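Participant: Quick one, structure for this:
(one chain, ligands or ions: 1)
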Amino acid sequence: MFRKLLVANRGEIACRVIRSARKLGVETVAIYSDADEKALHRYFADEAYRVGEGPSLKSYLNVEAILDVARKTGAGAIHPGYGFLSENADFARRVRDSGLVWVGPSPEVITLMGDKVRARETMSAAGVPVVPGTLSPVAPEQARAEADRIGFPVLIKAVGGGGGIGMQVAEGPEQLVKLVEAASERARRAFCNGAVYLERYLERPRHVEVQVFGELDGTAHHIFERECSVQRRHQKVIEESPSPLFVDGLNADVRRQLLEAAREAARAVGYVNAGTCEFLVDQKMGFYFLEMNTRLQVEHPVTEMTTGLDLVEMQLRVAAGQPSGMDAEALEQRGSAIECRIYAEDPAKKFMPSPGLIEMLAFPEGEGVRVDSGVQGGYTVSPFYDPMVAKISAWGTTRAQALERIRGALEVTRIKGIKTNIAMHLKILASDAFQRGELDTGALERGAFG
Ligand code: MV4
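Facilitator: All right, here's what the predicted structure looks like:
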């Protein structure tokens, strides 16, 4: 095991990674920006160094400054967390070329999965179901023939995209070529890559993702699924495991196939370390690979709470050249877990970010309750970063108990000084649709939860 780990991130995930490093006896180095002088993660670590001004480009994306801190402190490894540099293959390569351990999958796999159409092609060839569509980029003049083959409505997606940015729906052939040209132009501006591809547009799908983990010997595990359909503007709001589609042994055959498909996806690309395969599930229970995220995910706690695994510990072990320590034969899921993302957002202003000073803060405690946070009273939530201030999660032996516990936990949470989405969570959790597990990616924005 390396002696010292640099955590190239901030906030709750930096704190989370530091916790597992400590558990393994690994020393920790934090980095922070001017806006994060009072952030918890810098106090949690054994050492902390300033890397630049508030804006991410000057600090948490400042590759030279981060590598300088690694050199100066004698760190042997870098964990990127999520967001920022976590899926940047060039950074992963720079880390490795500097003689440091990269806690994540190889730069080659990051590049492959970052090209959304090559990822589709690779998965399709491996026998993993993908949404009907094209397996290579389409030019405007080919779009009509391809769309007729796929069937309308079609969704135009950017090859360099992901996360839903720049998608366009074409309902019929009339606007198709114009929309392809517009999508391509936007993609060029956003990702320096104008390539686009087509997929059949699925109506009211669920977003179900599978946690995977690859070992150095070429084997891969799946670690069950997470239901992530409750979202607004491509930002997840509530996640849970198992998916309500599969609680109490429901749809067991589909679930087995989904989990096996994800495992095969990871195995087929020689995936090492933690990753996530995103799928859409349609109303007929058909599932389709969407994309693969080559990082630890925000919502990993619901997987940990239902399996007893420590995913960060597994990441560190495998990065250090060891087996993860997980016994795939003995893996079992127990109960249900639900995570609510607490954002500094103003419900009265369409949930726009609401940065500011946190005057007072009280988090819940109790049986089966977990809080992941990187803020404290006296900390100012800055406009530079994602406004998520905490993740509050609860586990129960049944989904109903997890629901009861998360509601109790949110009811006693107090955050003064900034606006948050806690009341929205309580409304969703109280709704019949949520309680019945009737979720899809449009449900929140349609008002299906009241
Ligand atoms: C789709 C889709 C419907 N049909 N693809 C958005 C994020 C990106 N990862 C893919 N996304 C979608 N792709 C087809 N063929 C609907 C979405 C989508 C979505 C997916 C997952 C989670 C939330 C979403 C919200 C809106 C649309």
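Participant: Restricting to C-alpha, output stretch 217-226 in CSV.
Facilitator: Backbone C-alpha positions of stretch 217-226 (Å, rounded to 0.1, in the frame of the first residue of the first chain) are rendered in CSV as follows:
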residue,chain,number,x,y,z
ASP,A,217,-6.8,-10.5,-12.5
GLY,A,218,-9.4,-9.5,-15.2
THR,A,219,-12.4,-10.6,-13.2
ALA,A,220,-15.3,-8.2,-12.7
HIS,A,221,-18.1,-8.0,-10.1
HIS,A,222,-21.4,-6.4,-10.2
ILE,A,223,-22.5,-4.9,-6.9
PHE,A,224,-26.3,-4.6,-7.5
GLU,A,225,-28.1,-1.6,-9.0
ARG,A,226,-29.2,1.9,-7.9
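Participant: residues making contact with it?
Facilitator: 208-215, 239-243, 246, 255, 258-260, 262-263, 266-267, 270-271, 297, 299, 302-303, 306-307, 309, 311, 323, 326, 328, 331, 333 (C-beta atoms under 8 Å, 6 or more residues apart in numbering). The C-beta positions use only the backbone N, C-alpha and C, and glycine is treated the same way.
Participant: what's the domain layout of this protein?
Facilitator: Following automatic domain parsing, the chain resolves into domains at 4-103, 132-200, 206-446.
Participant: And the ligand, is the shortest one touching that?
Facilitator: Yes: looking at domain 132-200 against the ligand by C-beta under 6 Å from any ligand atom, the contacts come from Leu155, Gly162, Gly163, Gly164, Glu199, Arg200.
Participant: Check the one residue in the chain that gets nearest to the ligand and give its pLDDT.
Facilitator: Nearest residue of the chain to the ligand: Gly164, at 3.2 Å (C-beta to the nearest ligand atom). Looking at Gly164, its pLDDT reads 75.
Participant: Okay, strands next: where are they in the stretch 251-400 of the chain?
Facilitator: With DSSP state E, counting those that start in this stretch as the criterion, the stretch 251-400 of the chain has strands at 273-281, 287-293, 336-343, 345-346, 352-353, 356-357, 360-362, 369-373, 380-381, 388-396.
Participant: What parts of the stretch 251-400 of the chain come near the ligand?
Facilitator: Going by C-beta under 6 Å from any ligand atom, the residues of the stretch 251-400 of the chain near the ligand are Glu278, Leu280, Leu290, Glu291.
Participant: Looking at those residues, state which has the most neighbours.
Facilitator: Most neighbours among those, by other C-beta atoms under 10 Å: Leu290, with 24 neighbours.
Participant: how far away is that one from Lys58?
Facilitator: 33 Å (C-beta to C-beta, to the nearest Å).
Participant: Dump the strands of the stretch 251-400 of the chain into TSV; add distance to Glu108 and mean pLDDT as well.
Facilitator: Formatted as TSV, the strands of the stretch 251-400 of the chain follow (distance: least, C-beta to C-beta, whole Å; pLDDT from 0 to 100):
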stretch	distance to Glu108	mean pLDDT
strand 273-281	13	98
strand 287-293	13	97
strand 336-343	31	98
strand 345-346	38	98
strand 352-353	36	96
strand 356-357	43	98
strand 360-362	43	97
strand 369-373	31	98
strand 380-381	37	97
strand 388-396	30	98
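Participant: Just give the nearest non-adjacent residue to the residue most central in space within the chain, would you?
Facilitator: When C-alpha atoms, centre = their mean is applied to the chain, the residue found nearest the centroid is Gln297 (3.5 Å). Take Gln297 and drop its neighbours on the chain: the residue closest to it by C-beta to C-beta, 6 or more residues apart in numbering is Thr276, 5.2 Å away.
Participant: Just give me the neighbour total for the one you found.
Facilitator: Neighbour number of Thr276 under other C-beta under 10 Å is 25.
Participant: does Gly99 belong to a helix or a strand, and which?
Facilitator: Assigned by DSSP states H and E, Gly99 belongs to neither a helix nor a strand.
Participant: Among the domains of the chain, show the one with the smallest mean pLDDT.
Facilitator: Looking at those, the weakest mean confidence is domain 132-200, a mean of 93.
Participant: returning to what we had before: which residues touch the residue nearest to the centre of the chain?
Facilitator: By C-beta under 8 Å, 6+ apart, the contact set of Gln297 is Tyr82, Glu209, Gln211, Arg226, Thr276.
Participant: Report the beta-bridge partners for the third one.
Facilitator: Right, the one you point to is Gln211. When bridges are called by DSSP bridges, Gln211 pairs up with Thr276.
Participant: List the contacts of it.
Facilitator: The contact partners of Gln211, taken as C-beta under 8 Å, 6+ apart, are His222, Ile223, Phe224, Glu225, Arg226, Ala274, Gly275, Thr276, Gln297, His300, Thr303, Leu311.
Participant: Distance to Asn62 for these - can I get that in JSON lines?
Facilitator: As requested, the contacts of Gln211 are exported to JSON lines (distance: C-beta to C-beta, whole Å):
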{"residue": "His222", "distance to Asn62": "36"}
{"residue": "Ile223", "distance to Asn62": "33"}
{"residue": "Phe224", "distance to Asn62": "37"}
{"residue": "Glu225", "distance to Asn62": "36"}
{"residue": "Arg226", "distance to Asn62": "32"}
{"residue": "Ala274", "distance to Asn62": "25"}
{"residue": "Gly275", "distance to Asn62": "26"}
{"residue": "Thr276", "distance to Asn62": "27"}
{"residue": "Gln297", "distance to Asn62": "24"}
{"residue": "His300", "distance to Asn62": "26"}
{"residue": "Thr303", "distance to Asn62": "31"}
{"residue": "Leu311", "distance to Asn62": "27"}
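Participant: Which ones among those residues map onto helices?
Facilitator: Applying DSSP state H to the contacts of Gln211, the entries found in helices are His300, Thr303, Leu311.
Participant: which SS class is Ile18?
Facilitator: helix (DSSP: H, G, I helix; E, B strand; the rest coil).
Participant: Just confirm it contacts Thr28, I think it does.
Facilitator: Yes: at 4.7 Å, Ile18 and Thr28 qualify as touching, with contact defined as C-beta atoms under 8 Å.
Participant: shared neighbours, the two?
Facilitator: Counting by C-beta under 8 Å, 6+ apart, the residues touching both Ile18 and Thr28 are Val7, Phe44, Ala45.
Participant: phi, psi of the second one?
Facilitator: According to degrees, to the nearest 10, the main-chain angles of Phe44 amount to phi -70, psi -40.
Participant: which residues sit in contact with the residue of the chain closest to the ligand?
Facilitator: With the criterion set at C-beta under 8 Å, 6+ apart, Gly164 makes contact with His234.
Participant: got the phi/psi numbers for it?
Facilitator: The phi/psi pair for Gly164 (degrees, to the nearest 10) is phi 90, psi 0.
Participant: ok, it to Gly151 distance?
Facilitator: Distance, Gly164 to Gly151, by C-beta to C-beta: 21 Å.
Participant: Okay, buried residues for stretch 115-127 please.
Facilitator: Asp115, Lys116, Val117, Arg118, Ala119, Arg120, Glu121, Thr122, Met123, Ala126 (16 or more other C-beta atoms under 10 Å).
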